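In: Below is the structure, and that's it, no one-letter string:
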């Protein structure tokens, strides 16, 4: 349809790309498809009953307040709870360091809004979280991509990348999206030291850190940065830390948070006022009610048990079914693993054949900001049930064998 | 606190201003203050019980779905319901024309994101909705301001403004925020004709249109634009229409919508993917459940009765208490009226004295994109109870008299 709007799009829309993943979600909803494509939690273990009880309690005790306008930075008791939780990990913050966002995606957008000028370089892992690239493409960011291996970002390549003068560095240290890999302590230490030496601040995105299936929790980059400054009793603010309730409570309530200095929080709040005024008062108070009194910790244990089993089933099915030349990561937590196929296979082409066999994945190419990864794919193991994972991986292996 | 982030803010943050209103909200929460400053609905008539029933029903019947990720454009049954509602007003659209946003503020931001290049001129009424200015300041928009009077935007001044080549025009035709005035039919017709003659598309922001206390509903600009094209059976898309559940259901659920062509909706969806992925699945399904079966229409009648009484009480109190030289609008709906004081009074200075007398308002200056309005103020009549309105207006009149 022709309208007066047609020639009026902003220049920045030229850089906006629809999400491959969101597009894929549409046809993964076709009947009989087993999808490893999305990043969806297991819906059958959502705390539906606890939400029901919390909704009733909130509406009974705080009905009008929960439906009214609220603060841009978020509901104070929820921010205080997040601050207490953050303190457990050795980062000394209070509610003034916390802002609630509509999912971490909004944190990425607001960070883009207050920090990125057109052409600014952002240092990222390659592959990295597609949503960050989507958020920052709209601000016409450029990317300096540092390759990663089975231990995450290759710090040996950092020196060169840091010399290009990036505005900041964006890293997902735990069970990374898309690869599922975790950066070990020695690399974390070197990464923080080098960022400090070059004066480059860090965005640490940690949506999955609590979903660890095995091994010990590793200190966050922000903790290591504070230790580097000799006083880990105090948050130094060079690392902005992001986390979310999407993978622990539920993604449908759209609640995540930013940890930053009060100065940065104030800028983010100003940006959020113009962006969407505030997070939902209702879902915030309900999330607070659901999470208190230790429920969240118990519930996370349940999620970890379920996802660990699904990961194991997927790893075993890969081992049983995949032809020679296919490699994959062994995530110690989170929702994803990453497979690398023989060079001769392009996973964007493979997807068509896979969907004919009723299985879906995300081709790895789009996670690479500056190209590459044509023979890689991301596989989600949290959403499908174990027996479906077995069947799905068999179908996927068959599709690959057909193309070899 | 000094951090590596300090000198890294984007150039656009220089144009971002905190919301005077949001700042004011903080000290209007002091005890004993009667606040006419916010734009808050009356909390005592929120449909708390209906929300409780809907939450339980949704969690029982669609628990996992309601807590899971959903579509970026919004929950299909809700979009279909909004399309049916829109059709009642003579605009023939379907769900493909509707996108759900986190309040209308997000619609304004996403419109800025896909349409505004730095320096683009936007034609606005003066005064106009502060939130639109905040949203578009972040995209470095310029404003062409057309003055308004007791009948809204002065169409006699439109010709000159349209010649400056604005990218689009932004108008609130019903019970405008901040003035409370409504554009009569003859002006609407001229406005649409002139916009068409100059080829300038329109954003029609209509958060309050359903809250009419008296007189007949006037056709929306988008209806008049379709009629101008000779076929009002079909939506022509030159007018993007915005409305919201914030003033009819509750603002705390953050749900509003955009009506536009499917092409524009697709661009907005792409922008929203990078901005915050999707609206809350849970609040959308709950809002849908609360609204169906005619509840919303009944509830709006109740809101109208309550707000009409509060408006009447405020008009009467103004009449009784205000000194000579103070004028105000007589809104036929909505939440606000607008007062103009003698030239000698600066309402930003007055506010300090008013707060000492325990009453608050919003100084009118900040609603004027290019300056002006130093002796004006916005008064909200929806939030305070009638007896408080009487006392508050008396206090406000006393503050003004003290300054004369």
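Out: Sure thing, it's come through. Here the structure is a predicted model, which is why all the values come from computation and not from measurement.

In: contacting residues for residue A:164?
Out: A:121, A:123, A:144 (C-beta atoms under 8 Å, 6 or more residues apart in numbering or on different chains). Every residue, glycine included, has its C-beta placed from N, CA and C.

In: Just give me the closest of those residues to residue B:157.
Out: residue A:121 (45.9 Å; C-beta to C-beta).

In: Would you mark the buried spots in the longest strand belonging to chain A?
Out: In chain A, assigned by DSSP state E, the strand with the most residues is strand A:142-149. For strand A:142-149, the neighbour count (16 or more other C-beta atoms under 10 Å in any protein chain shown) marks A:142, A:143, A:144, A:145, A:146, A:148 as buried.

In: So for it, mean pLDDT?
Out: Mean pLDDT, computed over strand A:142-149, is 97.

In: tell me how far that strand is from the chain's mean position?
Out: Strand A:142-149 has its C-alpha centroid displaced from the chain centroid by 17 Å (C-alpha atoms, centre = their mean, to the nearest Å).

In: does chain B sit close to that strand?
Out: No. Shown here: strand A:142-149 not in contact with chain B (C-beta under 8 Å from any C-beta of the partner chain), separated by at least 14.2 Å.

In: Touching that strand from outside, list them.
Out: With C-beta under 8 Å, 6+ apart, strand A:142-149 has contacts from A:119-128, A:133, A:153-154, A:157-158, A:161, A:164, A:166, A:176, A:179, A:181, A:368-370.

In: In the stretch 1-150 of chain A, mark out all the strands, start to finish.
Out: Ranges of strands in the stretch 1-150 of chain A, per DSSP state E, counting those that start in this stretch, are A:34-35, A:98-101, A:121-126, A:142-149.

In: In CSV, list those strands along with distance to residue B:9.
Out: Formatted as CSV, the strands of the stretch 1-150 of chain A follow (distance: least, C-beta to C-beta, whole Å):
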stretch, distance to residue B:9
strand A:34-35, 41
strand A:98-101, 16
strand A:121-126, 15
strand A:142-149, 18
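
In: Let me know which of the ones you listed is the nearest to residue B:340.
Out: Of all the strands of the stretch 1-150 of chain A, strand A:98-101 comes closest under C-beta to C-beta, at 37.6 Å.

In: Parallel or antiparallel, which strands does the closest one pair with?
Out: strand A:256-259 (antiparallel) (DSSP bridges).

In: just checking, next helix/strand downstream of the partner strand?
Out: Using DSSP states H and E, the helix or strand that follows strand A:256-259 towards the C-terminus is helix A:262-276.

In: packing partners for that following helix?
Out: strand A:98-101, helix A:103-115, helix B:103-115, helix B:130-137 (3 or more C-beta pairs under 8 Å, 6 or more residues apart in numbering or on different chains; DSSP states H and E).

In: Tell me the helix or strand right after it.
Out: Immediately after helix A:262-276, counting by DSSP H and E, sits helix A:281-291.

In: could you give the angle of that next one to helix B:281-291?
Out: Orientation of helix A:281-291 against helix B:281-291 (axes from the mean of the first three to the mean of the last three C-alpha atoms, to 10 degrees) gives an angle of 120 degrees.

In: The helix or strand following helix A:281-291 versus helix A:281-291: what angle between them?
Out: Reading on from helix A:281-291 to the C-terminus, the next helix or strand found by DSSP H and E is helix A:295-321. Counting by the same axes, to 10 degrees, helix A:295-321 lies at 80 degrees to helix A:281-291.

In: residues in contact with the next helix or strand after helix A:295-321?
Out: Counting by DSSP H and E, the next helix or strand C-terminal to helix A:295-321 is strand A:327-328. The contact list for strand A:327-328 (C-beta under 8 Å, 6+ apart) reads A:315, A:318, A:322, A:337, A:338, A:339, A:340, A:379.

In: who wins for neighbours among those?
Out: residue A:379 (26 neighbours; other C-beta atoms under 10 Å in any protein chain shown).

In: ok, the closest residue to that one other than its chain neighbours to chain B distance?
Out: Leaving aside its chain neighbours, residue A:379 sits nearest to residue A:36 (4.3 Å; criterion: C-beta to C-beta, 6 or more residues apart in numbering or on different chains). Note on residue A:36: its distance to chain B, by C-beta to the nearest C-beta, to the nearest Å, is 15 Å.

In: Residue A:36: neighbouring residues, count only.
Out: 27.

In: got a list of what it touches?
Out: With C-beta under 8 Å, 6+ apart, residue A:36 has these contacts: A:359, A:360, A:361, A:378, A:379, A:380, A:381, A:383, A:384, A:389, A:392, A:396.

In: Can you check what pLDDT the model gives it?
Out: 96.

In: repeat for residue A:30
Out: At residue A:30, pLDDT is 77.

In: got it, and residue A:27?
Out: Residue A:27 is given a pLDDT of 65.

In: how about the residues of the stretch 151-300 of chain A near chain B?
Out: A:167-168, A:199-201, A:236-238, A:240, A:250-254, A:260-264, A:267, A:269-271, A:273-283.

In: from the chain's centre, how far out does stretch A:387-397 sit?
Out: For stretch A:387-397, the distance to the chain centre is 25 Å (C-alpha atoms, centre = their mean).

In: cool, and stretch A:294-305?
Out: 19 Å.

In: quick one: buried residues of it?
Out: Within stretch A:294-305, judged by 16+ other C-beta under 10 Å, the buried ones are A:296, A:299, A:300, A:303, A:304.

In: Which pair of the residues you listed spans the longest distance?
Out: For the buried residues of stretch A:294-305, and using C-beta to C-beta, no pair is farther apart than A:296 and A:304, which are 12.4 Å apart.

In: before we move on, the earlier item: in a markdown table: the buried residues of strand A:142-149, plus distance to residue A:349.
Out: Shown next, in a markdown table, are the buried residues of strand A:142-149 (distance: C-beta to C-beta, whole Å):
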| residue | distance to residue A:349 |
| --- | --- |
| A:142 | 29 |
| A:143 | 25 |
| A:144 | 29 |
| A:145 | 23 |
| A:146 | 28 |
| A:148 | 24 |
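
In: Mind checking which of the residues of the stretch 151-300 of chain A next to chain B are buried?
Out: Buried among these by 16+ other C-beta under 10 Å: A:167-168, A:200-201, A:236-238, A:240, A:250-254, A:260-261, A:263-264, A:267, A:269-271, A:273-283.

In: I'd assumed residue A:238 was in contact with residue A:196.
Out: Yes. In this structure, residue A:196 is within contact of residue A:238 by C-beta atoms under 8 Å, at 7.3 Å.

In: what do these two both touch?
Out: What both residue A:196 and residue A:238 touch, as defined by C-beta under 8 Å, 6+ apart, is the set residue A:225.
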